[in-house]
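# Coordinates only, no sequence provided:
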């Protein structure tokens, strides 16, 4: 078999470039900091079951992804961002291969499956989630592979094996982020699959099905029940707080997700076209599979829209079936583009001409935008400009020849070029001139021999950079003051007046500040702290 026909190898190479190159280029964000702190405290404090953040109970998320990250951290180093993000990147790659295998099982068409895999790998939020140390990609990746096994189960293929593996994977999905993927990915799949394929449940499948449910339940409930019985008070408090947030936190209207297709990024226009069911239902190669993936996508969006709390990243599970509908549309385009009427093909010319225009305009626009900063980034800027302009010229050339498959592949190279040569520039252009790491606090602790405390709230990014927990004086009800005569205290600008009121009888001396804002023109107060020396008055 020629390399160009070895779709598994080619997809692996593309995924490696997309998910692994420059994995450590971007600053740690708040979600990552929370997860990385928990992983670090697993190693440092042996908190593998009773998980913590800043040495305080953290049971909001099940621990499987944190365990995986902690193991990577232990093997490759606590300071390596590549090591910390590697487990998520691996799960991102696995999720893409799950889309590939699901499509292949449904269509027996490896070329189409390769196309859907490439679309999935380069869809914006799938790409972002696989390069970010967040846990959404874990829960959905496990569930996608469970879906693959369930399709085999419903088709009576190796029933016992598929049932047992599906049960294991469903349990791992729950152990990654609770019931999120049950609701947003598995339930829409089951609804769509039943509507389209009407799979009948035989008596021979009963025992394997029950076994699958038992395995999934045992794995899913194991950690939650253990911490519930042995740390009831913390679990109850956290559960009540989290339950309330689903109803009154980040509430958005029902139609908030109606522009969900833009989360596919590069594929926004084509994904939208692929959802026009009356247009495509009789054009695609496999109407049944198209109907199934279309329903899976739409049902997922509707179910997510029913939840009051809404965030763009919650749309991640929608992008997997959407990649299949987009892939089916693209395969129709590959086969028919040369004979398409302009009324039908103009959207493709528009989509790829727009990408080509971005590539051609980048060197000029970039030179104007970066200005004086060009001295720090010119090697990367030059390489990226050469790649994007070359890709743009080739896109226009193949568009004129109506070789649309080549244009499609060039768009994949467009994304890879940005990740390879664009991300290194981010570290050099978004720099805060007043940046002061939380490691500054360590210097004062060592120099003065004093312990540091947070006044009221802690910020995950600061704690992560600092390297160890910083106790809070505020316990949720009152301030618990330290016993020593002197100590260091961190407080935001907003907390200053309250801090001075609490310590009105103390001597307060401002020593320094911490500013973890990575970008100078985007100041966030939560990433800023003043460092104070607090001293009890002498009698």
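The structure has been received and is ready for your questions. Small disclaimer: the values here were computed from a predicted structure and weren't measured. Numbering: from 1, shown residues only.

# Pull the contacting residues for the residue lying closest to residue 105 once chain neighbours are set aside.
Spatially, and ignoring its direct neighbours in sequence, residue 105 is nearest to residue 151 (5.6 Å; CB to CB, 6 or more residues apart in numbering). From N, CA and C alone the C-beta is placed, and that goes for glycine too. Going by CB atoms under 8 Å, 6 or more residues apart in numbering, residue 151 touches 102, 105-106, 193.

# From these, keep the buried residues only.
Buried by 16 or more other CB atoms under 10 Å: 102, 106, 193, out of those.

# now the second one, what's its secondary structure?
It refers to residue 106. Judged by DSSP: H, G, I helix; E, B strand; the rest coil, the three-state class of residue 106 is helix.

# OK, contacts around the closest residue to it other than its chain neighbours?
Once flanking residues are discounted, residue 106 sits nearest to residue 289: 4.8 Å by CB to CB, 6+ apart. Residues near residue 289 by CB under 8 Å, 6+ apart: 103, 106-107, 324, 328.

# And the helices in the stretch 251-400 of the chain?
Taking DSSP state H, counting those that start in this stretch to define them, one finds helices in the stretch 251-400 of the chain at 268-274, 277-280, 287-305, 316-336, 342-370, 374-400.

# For the longest one, the averaged confidence score.
Mean per-residue pLDDT for helix 342-370: 94.

# can you give me phi and psi for the most centrally placed residue in the chain?
Nearest to the geometric centre of the chain sits residue 129, at 2.2 Å (CA atoms, centre = their mean). Backbone torsions of residue 129, given as degrees, to the nearest 10, read phi -70, psi -30.

# With adjacent residues omitted, what lies nearest to it?
residue 137 (4.2 Å).

# Tell me how far that neighbour lies from residue 196.
Residue 137 sits 27 Å away from residue 196, going by CB to CB, to the nearest Å.

# Between these two, which has more neighbouring residues?
residue 137 (30 against 18; other CB atoms under 10 Å).

# separation between the more buried one and residue 316?
Distance from residue 137 to residue 316, by CB to CB: 7 Å.

# joint contacts of the two?
Residues touching both residue 137 and residue 316 (CB under 8 Å, 6+ apart): 126, 129.

# quick one on the thing from earlier: so which of the buried ones among the contacts of residue 151 comes closest to residue 452?
Among these, residue 102 lies closest to residue 452 (CB to CB), at 50.9 Å.

# Show me what counts as buried in the host helix or strand of that closest one.
Per DSSP states H and E, residue 102 falls inside helix 81-107. Residues 81, 83-104, 106-107 are the ones in helix 81-107 that count as buried (16+ other CB under 10 Å).

# Run through the neighbouring helices and strands of that helix.
Applying 3 or more CB pairs under 8 Å, 6 or more residues apart in numbering; DSSP states H and E, one finds that helix 81-107 makes contact with helix 7-20, helix 30-45, helix 64-76, helix 110-122, helix 124-130, helix 136-154, helix 287-305, helix 316-336.

# hmm, try it at 7 Å
Counting contacts by 3 or more CB pairs under 7 Å, 6 or more residues apart in numbering; DSSP states H and E, helix 81-107 packs against helix 7-20, helix 64-76, helix 110-122, helix 124-130, helix 136-154, helix 316-336.

# who wins for proximity to residue 167 among those?
For residue 167, the closest of the helices and strands packed on helix 81-107 is helix 136-154, at 8.2 Å, according to CB to CB.

# Let me know whether residue 494 touches residue 525 as I believe.
Yes: counting by CB atoms under 7 Å, residue 525 is a contact partner of residue 494 at 6.0 Å.

# hang on, the earlier thing: check the gap between the residue nearest to the centre of the chain and residue 262 for me.
Separation of residue 129 from residue 262 (CB to CB): 16 Å.

# Show me where this protein dips below the pLDDT cut-off.
Scanning the chain with the threshold set as pLDDT under 70 gives 1-5, 200-201, 242-249, 430, 520-521, 539.

# One more pass at 50, please.
Within the chain, the ranges that satisfy pLDDT under 50 run 1.

# Just want the phi and psi numbers for residue 531.
Dihedral pair for residue 531: phi -100, psi 120, per degrees, to the nearest 10.

# same deal with residue 258?
Note on residue 258: its backbone torsions stand at phi -70, psi -20 [degrees, to the nearest 10].

# Can you give me the neighbour number for it?
Counted with other CB under 10 Å, residue 258 comes out at 10.

# Over to residue 509: give its phi and psi.
Recorded main-chain torsions at residue 509 are phi -130, psi 120, according to degrees, to the nearest 10.

# excluding its backbone neighbours, what's nearest it?
Residue 509 sits nearest to residue 533 (CB to CB, 6+ apart), 4.4 Å away.

# Confirm that that neighbour sits in a strand.
Yes: Residue 533: assigned to a strand according to three-state DSSP.

# wait, it sits on residue 507?
No: the pair residue 533 and residue 507 fails to qualify as a contact (CB under 7 Å) at a distance of 8.1 Å.

# If you count surrounding residues, which of those two has more?
residue 533 (18 against 12).

# hey, what's that one bridged with?
residue 488, residue 509 (DSSP bridges).

# Around residue 174, count how many other residues there are.
Using other CB under 10 Å, residue 174 has 26 other residues around it.

# Check which helix or strand it maps to.
Going by DSSP H and E, residue 174 is in helix 159-177.

# Which residues does that helix contact?
61-62, 64-65, 135-136, 138-139, 142-143, 145-146, 149-150, 152-153, 181-182, 205, 208-209, 211-213, 215-216, 218-220, 223 (CB atoms under 7 Å, 6 or more residues apart in numbering).

# That one vs helix 64-76, what angle?
80 degrees (axes from the mean of the first three to the mean of the last three CA atoms, to 10 degrees).

# Show me how far helix 159-177 is from its chain's centre.
How far helix 159-177 lies from its chain's middle: 21 Å, per CA atoms, centre = their mean, to the nearest Å.

# which parts of that helix are buried?
159, 162-177.

# between that helix and helix 81-107, what angle do the directions make?
140 degrees.

# Give the next helix or strand downstream of helix 159-177.
Once the chain leaves helix 159-177, the next helix or strand it forms, by DSSP H and E, is helix 180-181.
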